[in-house]
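Student: compute the structure for the input listed below.
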Amino acid sequence: MSAEFQHGWYIGNICVSILYGKSIPYLSELKAAVLTRTGHAIGMELVIYGVSMRTLFRRKTQHRSKKDMFFVVFSTILLLCCTINLASDCFFGEEWWIVNGGSEQWFADNVSAWYQTWASAVNVLVQLLADGFLIYRCFVLWDSYLVVPLPCLVWLACLGIGITTLYYSGSPGGDDFAGLALQTSTAYLACTMAINFSMTALIVARILYFARTTGRMLANGSTRQYFGVIAMVVESAALYTVFSLMYLITFAIGSDLSALFMSFYAMFTVISPQLIIMRVVTGSAWSRTTHNDLATISFADHPVSTNVTSGSRTLNNTGHIAMSQTSFREGSVGDMTFETKHAKGSAFDVV
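Tutor: Numbering: from 1, shown residues only. This next block holds a predicted model:
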């Protein structure tokens, strides 16, 4: 392997180690900052996981739903898979550079070692979980089953191609960067990229649509958590999509930079779903009722005026509806006033 490939692999491992976490001396301050009071970097992955678990386990047992327990299991699986992948890459790098002096022959002989195959299997599992979760989040925002069937079919194709890729890359003499393993890996990455890009585009489009129809009616900043740039990047798993695209391009053209982007791609396959889960458990993420809730808030906070035939109807902030000289085809209705009570559960009183 070229020096550029080895540099990319080394820098990628270092960056992944930083993103994963270096030490956790103060678990009680996970939510406060990425740096602890001792100055040691915790790492994005461990911070996100810690905040999510702390939020979930602070709830009383009787208040935890099945969805909460799903998030606990799902997040823990992602963390364990990330840990296995990082440990495998670090051990492989140590054997390659320190023990064997960066020998190209050693790399060719051991790239399909059992622990590397194990790490590859873990990566496939994480990617399938992340893609499935992204499909689910797209369904939540659109609240329609029409966005589900085609991505699910592509997901099933990813499952089959991923197993085939593991077979070829894990066989004796197999290499992800050559032969049939290279071809199947490219097909696999293309399928996952299709899911990532389409789901990200649909989620961003949905959020922008809501921002135009609802967000502009609320000027008090209450929609920032739903329509802000950070919210859009996290909800759409944009970082996961960006790094998967960069890795696919460099891998397909045979660039040695693929070793660098491979590390970021593998890491953000874990971090992006974890970010979404953290927003969900802390109550900042989109749900299937968010749009209706925002519409209700905007209706309550702003006067609404509509014209009906030749008359007018006005709802003001005091809860009064005034109708004057309103015509309904043949005949007319005189001046009427409807008064609403602000008490919960009250109906309209006709005066």
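Student: Tyr247: how many residues sit nearby?
Tutor: Neighbourhood size, Tyr247 [other CB atoms under 10 Å]: 23. Placement of C-beta: from N, CA and C, glycine included.
Student: what of the one 3 residues further on?
Tutor: The criterion is other CB under 10 Å. On that basis, Thr250 has 19 neighbouring residues.
Student: give the contact list for it.
Tutor: By CB atoms under 8 Å, 6 or more residues apart in numbering, the contact set of Thr250 is 257-258, 261.
Student: ok, so of those, who is nearest Leu86?
Tutor: For the contacts of Thr250, the residue nearest Leu86 by CB to CB is Phe261; the value is 16.3 Å.
Student: I'd say that closest one and Val242 touch.
Tutor: No: using CB atoms under 8 Å, Phe261 is not in contact with Val242; the gap is 9.9 Å.
Student: low-confidence bits of the stretch 251-351 of the chain, can you list those?
Tutor: The model of the stretch 251-351 of the chain has pLDDT under 70 over residues 288-351.
Student: who does the helix ranked longest in the chain touch, helix- and strand-wise?
Tutor: Using DSSP state H, we find that the single longest helix of the chain is helix 179-213. When contacts are defined as 3 or more CB pairs under 8 Å, 6 or more residues apart in numbering; DSSP states H and E, helix 179-213 packs onto helix 114-142, helix 149-170, helix 224-227, helix 229-235, helix 238-252.
Student: in that helix, what counts as buried?
Tutor: Residues of helix 179-213 classed as buried by neighbour count (16 or more other CB atoms under 10 Å): 181-182, 184-185, 187-189, 191-196, 198-200, 202-204, 206-207, 210-211.
Student: apart from its chain neighbours, what residue comes closest to Ala252?
Tutor: Of all residues not flanking Ala252 in the chain, Thr186 sits nearest, at 5.3 Å (CB to CB, 6 or more residues apart in numbering).
Student: show me what the helix or strand Cys15 falls within is packed against.
Tutor: Cys15 belongs to helix 3-20 when assigned by DSSP states H and E. Packing partners of helix 3-20 (3+ CB pairs under 8 Å, 6+ apart): helix 44-57, helix 66-93, helix 258-281.
Student: tell me the angle of the longest helix of the chain relative to helix 114-142?
Tutor: 20 degrees (axes from the mean of the first three to the mean of the last three CA atoms, to 10 degrees).
Student: for helix 179-213, what is the average pLDDT?
Tutor: For helix 179-213, mean pLDDT rounds to 87.
Student: centre of the chain versus it, how much separation?
Tutor: A distance of 12 Å separates the centroid of the chain from that of helix 179-213, by CA atoms, centre = their mean, to the nearest Å.
Student: that one vs helix 238-252, what angle?
Tutor: 150 degrees.
Student: going forward, the N-terminal residue is numbered 648.
Tutor: Understood, numbering begins at 648; the last thing we discussed is helix 826-860.
Student: can you report how many residues lie near the spatially closest residue to Asp736 that is not a sequence neighbour?
Tutor: Leaving aside its chain neighbours, Asp736 sits nearest to Asn660 (5.3 Å; criterion: CB to CB, 6+ apart). Close neighbours of Asn660, defined as other CB under 10 Å, add up to 19.
Student: repeat for Cys785
Tutor: Neighbours around Cys785, by other CB under 10 Å: 24.
Student: distance check, the residue nearest to it when sequence neighbours are not counted against Cys728.
Tutor: Leaving aside its chain neighbours, Cys785 sits nearest to Met846 (4.7 Å; criterion: CB to CB, 6+ apart). According to CB to CB, to the nearest Å, Met846 and Cys728 sit 20 Å apart.
Student: that older thread, out of the helices and strands packed on helix 650-667, deepest packed?
Tutor: helix 905-928 (a mean of 24; mean count of other CB atoms under 10 Å).
Student: hmm, Leu886 and Ile918 touching each other?
Tutor: Yes: if you go by CB under 8 Å, Ile918 and Leu886 touch, sitting 7.3 Å apart.
Student: what's the overlap in contacts for the two?
Tutor: Contacts common to Ile918 and Leu886, judged by CB under 8 Å, 6+ apart, are absent.
Student: what sits against the residue nearest to Cys785?
Tutor: When contacts are counted by CB under 8 Å, 6+ apart, Met846 is found next to 778, 781-782, 784-785, 798, 883-884.
Student: buried residues, the helix holding Cys662. List them.
Tutor: In helix 650-667, counting by 16+ other CB under 10 Å, buried: 652-653, 655-657, 659-660, 663-664, 666-667.
Student: if we can go back for a sec, ok, of the helices and strands packed on helix 826-860, where does mean pLDDT dip lowest?
Tutor: Among the helices and strands packed on helix 826-860, helix 871-874 scores lowest, at a mean of 67.
Student: so what's the gap between stretch 788-806 and the chain middle?
Tutor: 16 Å.
Student: name the residues that touch that stretch?
Tutor: Contacts for stretch 788-806 (CB under 8 Å, 6+ apart): 774-775, 778-779, 782, 785-786, 835, 838-839, 841-842, 845-846, 849-850, 853-854, 882, 933, 935, 938.
Student: any buried residues in that stretch, and which?
Tutor: In stretch 788-806, counting by 16+ other CB under 10 Å, buried: 788-789, 794, 798, 801-802, 804-806.
Student: got the CA coordinates for it in CSV?
Tutor: C-alpha atoms of stretch 788-806 as CSV (Å, rounded to 0.1, in the frame of the first residue of the first chain):
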residue,chain,number,x,y,z
LEU,A,788,-41.7,13.1,9.7
TRP,A,789,-43.9,12.4,6.7
ASP,A,790,-46.4,10.3,8.6
SER,A,791,-47.1,8.3,5.5
TYR,A,792,-46.4,4.7,4.5
LEU,A,793,-45.8,5.8,0.9
VAL,A,794,-42.2,6.7,1.8
VAL,A,795,-41.4,3.3,3.2
PRO,A,796,-41.7,0.5,0.6
LEU,A,797,-39.0,1.4,-1.9
PRO,A,798,-36.3,2.2,0.8
CYS,A,799,-37.2,-1.1,2.5
LEU,A,800,-36.6,-3.0,-0.8
VAL,A,801,-33.2,-1.3,-1.2
TRP,A,802,-32.4,-2.1,2.5
LEU,A,803,-33.1,-5.8,1.8
ALA,A,804,-30.7,-5.6,-1.2
CYS,A,805,-28.1,-4.1,1.1
LEU,A,806,-28.5,-7.0,3.4
